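Peer 1: With the input below, show me the fold.
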Amino acid sequence: MALAAALVAACLAATGSPAQVPLTPSVAIFFYPWYGTPTLNGSYEHWEQDGAQPPLSIASNFYPARGVYSSTDADVLRSQMADIVGARIDTVIVSWWGTGSVEDQRLPEVMQAAAAAGLKVAVQLEPYPGRTPESTAADIARLQALGITDFYVYDSTLDDDASWATVNRTLTGVRIFANTALPGKAAAGGFTGFYTYDVFTYTGSSFQRLCRSAAARGLLCAPSVGPGFDARRATGSPDVRPRLRGATYDYMWRQAIAAQPPIVTITSYNEWHEGTQIEPARYAGAGYDSYDGAWGLHGQAAQRAYLDRTAFWADRYRTRVTSSQLRGAQ
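Peer 2: As a prediction, the model looks like this:
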């Protein structure tokens, strides 16, 4: 962690530009392995949130094109990893809710499917009951033994900076990202970098400022882009950021590319409850939205629209950041 920060700082001292990070530009996506079905898991899991009655009624304003699925279905996992590879994404950031949780039990299967597809796996350490900086350090040590080296700490601001700094100083061989839009707070906590995750609050307009501030502090900036936000069917939240037929996603990607970060994170592959997913969706009747109309696509052609658009933006991001690095080195 300290080495990564030192390399970034040294590069900035030489070039004075946040674009000149000594890292290959990479794209990572948040992934949720918590879904279940009666056939494979004994009951519906997560699809039934907030009183929904699967398979006709699910806790999402969208409906998956592959139907109500189980995250333990090996065929589904292989197909999902193929989606992610096709979208030109490098890393799957798996939601993890503590030792012994459903997500912990399923992590080996996700890692196996990701490895078979040539994908790297990172973990998002969620705020499980009783989580502390000290327990997080133990979690990281355990997961690092599995070969995981990148960790994203969701709601890291729940604990004070000094506690995080004490713990982070003890960790080696890993990169740890704080979930915050305050680079100074991430630096005070001794984190390698930070990510925003929330695509309702952070629309992309602040990405350039955040990444400049991160570079000045020797931090890695990993802003989060997403297609929109709509959790009304799952939580009743009135907060909605409409997709605008793909315009929302395009805007966030443009802002991320302009910020020249070393990492772009995507919220999300399959957080269906919050309507941030880019996993294929289909029209399922009244009460459900779809991707119809995104980038002028309709019907079955629209189901994979966000995956295809992700590939477009991921390639453009790598080209633009790499070109900027080369210009700065001349």
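
Peer 1: C-terminal to the helix or strand hosting T248, what's the next element?
Peer 2: Using DSSP states H and E, T248 sits in helix 247-259. Sequence-wise, the next helix or strand downstream of helix 247-259 (DSSP H and E) is strand 263-266.

Peer 1: Buried residues, the longest helix along the chain. List them.
Peer 2: The residue-count maximum for a helix in the chain (DSSP state H) belongs to helix 305-329. Judged by neighbour count (16 or more other Cβ atoms under 10 Å), helix 305-329 contains these buried residues: 305-310, 313-314, 317-318, 321, 324-325. For glycine as for every other residue, the C-beta is placed from the backbone atoms N, C-alpha and C.

Peer 1: Tabulate those residues in JSON lines, adding columns for pLDDT.
Peer 2: Converted to JSON lines, the buried residues of helix 305-329 look like this (pLDDT from 0 to 100):
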{"residue": "A305", "pLDDT": "98"}
{"residue": "Y306", "pLDDT": "98"}
{"residue": "L307", "pLDDT": "98"}
{"residue": "D308", "pLDDT": "98"}
{"residue": "R309", "pLDDT": "98"}
{"residue": "T310", "pLDDT": "98"}
{"residue": "W313", "pLDDT": "98"}
{"residue": "A314", "pLDDT": "98"}
{"residue": "Y317", "pLDDT": "97"}
{"residue": "R318", "pLDDT": "96"}
{"residue": "V321", "pLDDT": "89"}
{"residue": "S324", "pLDDT": "75"}
{"residue": "Q325", "pLDDT": "70"}
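
Peer 1: quick one: which of those residues is nearest I257?
Peer 2: Closest approach between the buried residues of helix 305-329 and I257, by Cβ to Cβ: Y317, at 5.1 Å.

Peer 1: State the distance from the nearest residue to that closest one once chain neighbours are set aside to S205.
Peer 2: Using Cβ to Cβ, 6 or more residues apart in numbering and skipping the chain neighbours, the partner closest in space to Y317 is I257 (5.1 Å). Counting by Cβ to Cβ, to the nearest Å, the separation of I257 from S205 is 14 Å.

Peer 1: Could you do G236 as well?
Peer 2: The value you get for G236 to S205, if Cβ to Cβ is used, is 27 Å.

Peer 1: cool, and Q49?
Peer 2: As judged by Cβ to Cβ, Q49 and S205 stand 31 Å apart.

Peer 1: which one of these two has more residues nearby?
Peer 2: Q49 (17 against 10; other Cβ atoms under 10 Å).

Peer 1: Am I right that that one is in contact with E274?
Peer 2: No - with contact defined as Cβ atoms under 8 Å, Q49 does not count as touching E274 (11.1 Å).

Peer 1: what separates stretch 217-231 from the chain centre, distance-wise?
Peer 2: Average the C-alpha atoms of stretch 217-231, do the same for its chain, and the two points are 8 Å apart (Cα atoms, centre = their mean, to the nearest Å).

Peer 1: With stretch 276-290 instead?
Peer 2: 20 Å.

Peer 1: wait, what's in contact with R78?
Peer 2: Going by Cβ atoms under 8 Å, 6 or more residues apart in numbering, R78 touches 113, 116-117.

Peer 1: could you flag which of those residues are buried?
Peer 2: Judged by 16+ other Cβ under 10 Å, buried ones among these: 113, 117.

Peer 1: I'd like the contacts of R78 laid out as CSV, including secondary structure and distance to G226.
Peer 2: Listed next are the contacts of R78 as CSV, based on DSSP: H, G, I helix; E, B strand; the rest coil; distance: Cβ to Cβ, whole Å:
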residue, secondary structure, distance to G226
A113, helix, 23
A116, helix, 27
A117, coil, 22
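
Peer 1: Which of the contacts of R78 sits closest to Y291?
Peer 2: For these, the closest approach to Y291 (Cβ to Cβ) belongs to A117, at 23.2 Å.

Peer 1: Distance check, the nearest residue to the closest one once chain neighbours are set aside against P223.
Peer 2: Counting by Cβ to Cβ, 6+ apart, M81 is the residue found nearest to A117 once chain neighbours are left out, at 3.9 Å. Look at M81 and P223: by Cβ to Cβ, they are 24 Å apart.

Peer 1: Which of those two has more residues huddled nearby?
Peer 2: P223 (26 against 23).

Peer 1: is it true that the more buried one touches D198?
Peer 2: No - counting by Cβ under 8 Å, P223 does not reach D198; the two are 10.8 Å apart.

Peer 1: what residue ranges in the stretch 1-150 of the chain score low on pLDDT?
Peer 2: Within the stretch 1-150 of the chain, the ranges that satisfy pLDDT under 70 run 1-22.

Peer 1: now the helices for it?
Peer 2: Assigned by DSSP state H, counting those that start in this stretch, the stretch 1-150 of the chain shows helices spanning 2-15, 38-41, 74-86, 102-116, 133-144.

Peer 1: of those helices, which approaches S156 most closely?
Peer 2: Using Cβ to Cβ, those put helix 133-144 closest to S156, at 8.8 Å.

Peer 1: what does that closest one rub up against?
Peer 2: 96, 98-99, 123, 125, 151, 153, 159, 163-164, 166-167, 170-171, 173-174, 176.

Peer 1: Could I get the buried residue list for it?
Peer 2: For helix 133-144, a neighbour-count test (16+ other Cβ under 10 Å) marks 133, 136-137, 139-140, 143-144 as buried.
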